[in-house]
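Enquirer: Give the three-dimensional model of this entry:
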Amino acid sequence: MEIGLIGLPNSGKTTIFNALTGRTAEVTTYTDAMSKPNIAVVDVIDERITRLSEIYKPPKTIYATVQFVDFAGLARDSDGKASFPDASIGMMRSLDTLALVVGNFPNVLGEAPAPLQDIEQMETELLISDLIVCERRLEKIALGNKRGQKTPTTQMEENVLRKIQDCLNEGGRITDIGLDRDEKKIVSGFQFLTGKPLLIILNSSEDTFGKNRGLLEEIGKKHTVVEFAGTFEMELYRLSDEEKQLFMEDMGIKGSARDRLTRSAYEISSSISFFTVGTDEVRAWNIREGQPAVEAAGVIHSDLARGFIRAECFSYDDLIACGSEKGVHDKGRFRLEGKDYIVKDGDILAIRFSV
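Expert: The predicted structure is shown next:
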């Protein structure tokens, strides 16, 4: 999973990035449109993988990973208009999920925070970027139609884009439309920003953290939101585990910043994990909820999807309840599934294939 951290300048994106990853990326009070994003890949510590590793005792244990990308804030052009740099927009489109960081502390000028307005401004920027892409493509389709190049495929594409254009013009997000599987496939190449899951990170000061119930409820009417005390949680990485736990309890923080964010990101992106196990390796894999076994096989290796025969399957919960794979077999919990089987969170799969 790849998560992009976006936001206005000085909202605390890099502070949050450091809190999530344990990195020490420079935190500045300005934005440089030419600066490259900070990038880090971290393990998603899943207790199920830890337990499976204890059972199978493999030489390799591989957790699922999350890549965090910390983008520069909006840049202003010569006319004073703020927007994302083109390079940042292009990279954002390739990510799975966007996390919008909004500051909930006075800015460098001492002005009071305005999280709701900041969210609205950032959403507008994402919407405008998508609308430009949509309108440009519709113009090309219209030109092709005039030249006699109209086809059933371009007609279907135009119909979906018209639906998206109407939604964006009304200030909505593409995720609000409810495109079906075929419609999503038609426009998947555009990688629209408002078609991606959007998570709000309310970055509060240490003094106000945990005291923003009304604000969180207001944001939560439209978005999934998680509150961080960014600077405080960044500093936690400098402490021992024992000290860290004491300070977190004192602040009322349940779980690390990384765990809280990845949990929310999994939920809004409908991501789940399945596992492969053996004496050589125990590994977690991420897929989207609703994906069939043949697509899960393709996540492991394209050859497994191409030559898919069947999936040998049992669940993590059944393994723990039965005590061993033998127990799973003896109690009839072991299954053979075809390529259309919808993989569930916690499934343990062994793919049989022939190429």
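Enquirer: Model confidence score at Ala82, please.
Expert: At Ala82, the model reports a pLDDT of 59.
Enquirer: Next: Ser11.
Expert: 89.
Enquirer: Kindly state the neighbouring-residue count (a burial measure) for it.
Expert: 28 (other Cβ atoms under 10 Å). The C-beta positions use only the backbone N, C-alpha and C, and glycine is treated the same way.
Enquirer: Please look at it and Ile119 and confirm they touch.
Expert: No - contact criterion Cβ atoms under 8 Å: Ser11 and Ile119 do not qualify, at 10.5 Å.
Enquirer: which residues do these two both contact?
Expert: With contacts defined as Cβ atoms under 8 Å, 6 or more residues apart in numbering, the residues shared by Ser11 and Ile119 are Val102.
Enquirer: Ile272 - that's part of a helix, no?
Expert: No - Ile272: not assigned to a helix; according to DSSP: H, G, I helix; E, B strand; the rest coil it is strand.
Enquirer: which residue packs closest to it, ignoring adjacent ones?
Expert: Asp345 (3.7 Å; Cβ to Cβ, 6 or more residues apart in numbering).
Enquirer: Contact partners for that neighbour?
Expert: Applying Cβ under 8 Å, 6+ apart, the residues near Asp345 are 272-274, 289.
Enquirer: Which of the residues you listed ranks first by neighbour count?
Expert: Among the contacts of Asp345, the one with the most neighbours (other Cβ under 10 Å) is Phe274, at 26 neighbours.
Enquirer: Can you get me a residue count around the nearest residue to it once chain neighbours are set aside?
Expert: Nearest residue to Phe274 in three dimensions, chain neighbours excluded: Asp347, at 4.5 Å (Cβ to Cβ, 6+ apart). Asp347 has 24 neighbours, counted by other Cβ under 10 Å.
Enquirer: surely Asp347 meets Ala284?
Expert: No - using Cβ under 8 Å, Asp347 is not in contact with Ala284, being 11.2 Å away.
Enquirer: which residues do those two both contact?
Expert: In contact with both Asp347 and Ala284: 274-275, using Cβ under 8 Å, 6+ apart.
Enquirer: now the chain, which segments are flagged as low pLDDT?
Expert: The model of the chain has pLDDT under 70 over residues 28-35, 75-83, 108-109.
Enquirer: What are the boundaries of the strands in it?
Expert: 2-6, 38-43, 60-62, 65-70, 75-76, 82-83, 97-104, 198-204, 224-228, 271-276, 281-288, 308-315, 335-337, 347-353 (DSSP state E).
Enquirer: what comes up buried for the fourth one?
Expert: Pointing back at strand 65-70 there. 66, 68-70 (16 or more other Cβ atoms under 10 Å).
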